[in-house]
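Colleague: Fold the following.
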Amino acid sequence: MEIFCRVVELGSFTRVAREKGVTPAIIGRHVAELEDFLRIRLINRTTRSMDVTTVGRDYYEGCKAALEQISGLEEGVKSQPGREVSGLVRVAAPEGLGTPFLLDLVETIQQDHPGVLVDLVLENTSTDTIANQIDVAIRFAISLEDSSFVAMRLATTRLSVFASPGYLASAGEPATVEELWGHACLNFGASRYGDSWPLLENGKVRKLHLPWKLTLSQTQAYLEAIERGMGLGLTPDIFAAPFVADGRLVRLALSDRFPEIGIFALSPSRRLRPRAVSLFLERLSRAFADHYG
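Modeller: Modelled structure (predicted):
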């Protein structure tokens with residue numbers, strides 16, 4: 001049942017085989033044996049493609065529920081008082097949070113609970129939480145799309161426009177959005193808004209397209225480009241805060257034209273959550289409260 005579920009989630013016998021460290025033929029044999037037992041076709045497959053049948057989709061949903069109940073039962077036995085917290089926690093987060101914030105958090109957790117292992121996936125695209133078996137996904141979003149995961153708001157931050165003191169001394173500070181057209185503007189290419197900035201207009205968000213002098217998709221490089229005076233940049237306040245604190249960047253007044261965004265932790269059902277995942281979420285929430293209010 002577990003192998004069948006992974007085949008449905010990854011859409012490939014080969015990918016599941018690679019994940020399990022076996023051959024695709026072994027994965028195919030497990031699914032075939034399950035179909036023989038049930039006397040029904042779950043997956044139509046050819047040498048080039050596979051397609052989950054309607055019955056297969058229904059069976060997948062039932063399998064997931066049953067496997068989660070088994071996992072919850074096992075976790076309940078493991079979680080008896082006095083037992084040390086242990087287990088692997090897979091975390092997906094924007095790379096800008098990786099260092100020092102998440103590394104500090106993981107270091108502290110592992111000092112207190114050496115049995116907790118952490119797999120950090122740091123990238124600015126939205127990681128497929130199901131396919132990659134992610135336990136905790138940290139997302140920055142104005143609003144969240146529907147998800148089978150439980151969402152917990154960790155903090156709120158504003159998207160603001162920043163510039164270096166040197167840039168402002170030579171080019172001046174734009175007072176309105178319209179004046180941005182006369183400035184060198186930098187874009188963060190890994191943003192969900194792509195080649196635009198989200199602008200608040202009459203309570204709604206619209207995309208602002210500018211002639212970008214430079215586009216970068218890595219947070220530290222983006223902040224460094226702004227610090228060097230290469231142009232104005234839009235970024236969450238929490239990423240720019242250390243640069244503002246020591247005078248390397250200045251927050252522009254027109255930043256109020258850009259929206260606030262929520263920082264969320266997405267995780268599986270509270271009822272079926274392993275202790276290591278619950279511990280990580282508790283520490284993550286506390287760390288955000290301590291660092292970002």
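Colleague: Work out for me the element residue 156 sits within.
Modeller: strand 150-163 (DSSP states H and E).
Colleague: May I ask you to confirm that residue 206 is in contact with residue 199?
Modeller: Yes: if you go by Cβ atoms under 8 Å, residue 206 and residue 199 touch, sitting 5.5 Å apart. For the C-beta atoms, the positions are set from N, CA and C on the backbone; glycine is no exception.
Colleague: between these two, who's got more neighbours?
Modeller: Using other Cβ atoms under 10 Å, the more surrounded residue of residue 206 and residue 199 is residue 199, with 19 against 12.
Colleague: Contacts only, for that one.
Modeller: With contact taken as Cβ atoms under 8 Å, 6 or more residues apart in numbering, residue 199 is in contact with 177, 205, 206, 207, 208, 257, 258.
Colleague: Shouldn't it be within a strand?
Modeller: Yes: applying DSSP: H, G, I helix; E, B strand; the rest coil, one finds residue 199 inside a strand.
Colleague: Okay, residue 122 and residue 145: tell me how far apart.
Modeller: Applying Cβ to Cβ, to the nearest Å, the value for residue 122 to residue 145 is 21 Å.
Colleague: quick one, which of those two is more surrounded?
Modeller: With other Cβ under 10 Å as the criterion, residue 122 and residue 145 differ in neighbour count, and residue 122 comes out ahead with 18 against 7.
Colleague: still on that earlier bit, following element in sequence after the strand holding residue 156, please.
Modeller: Heading towards the C-terminus - elements assigned by DSSP H and E - strand 150-163 is followed by helix 165-171.
Colleague: So residue 5 is in contact with residue 68, correct?
Modeller: No: with contact taken as Cβ under 8 Å, residue 5 and residue 68 are classed as non-touching, separated by 10.3 Å.
Colleague: Please enumerate the strands of this protein.
Modeller: Remark: strands of the chain, listed N- to C-terminal, are 43-45, 50-52, 87-93, 116-122, 136-141, 150-163, 185-188, 197-201, 204-208, 212-216, 232-236, 250-251, 260-267; assignment by DSSP state E.
Colleague: Identify whichever of those strands lies nearest to residue 60.
Modeller: Across those, residue 60 has its closest neighbour in strand 50-52 (7.0 Å, Cβ to Cβ).
Colleague: I'd like to know which elements the closest one is packed against.
Modeller: Here strand 50-52 touches strand 43-45, going by 3 or more Cβ pairs under 8 Å, 6 or more residues apart in numbering; DSSP states H and E.
Colleague: where's the nearest residue to residue 198 once chain neighbours are set aside relative to residue 261, distance?
Modeller: On the basis of Cβ to Cβ, 6 or more residues apart in numbering, the spatially nearest residue to residue 198 that is not a chain neighbour turns out to be residue 205, at 4.9 Å. If you measure residue 205 against residue 261 using Cβ to Cβ, the figure is 10 Å.
Colleague: now residue 228
Modeller: According to Cβ to Cβ, residue 228 and residue 261 sit 25 Å apart.
Colleague: hmm, back to that, from memory the residue nearest to residue 198 sits against residue 197, does it?
Modeller: No: checked against Cβ under 8 Å, the pair residue 205 and residue 197 is beyond contact range at 10.0 Å.
Colleague: got the buried residues for the helix or strand of the chain with the lowest mean pLDDT?
Modeller: Of all helical and strand segments in the chain, the minimum by mean pLDDT, DSSP states H and E falls on helix 54-78, at a mean of 80. Counting neighbours by 16 or more other Cβ atoms under 10 Å, one finds that the buried residues in helix 54-78 are 56, 59, 60, 63, 64, 75.
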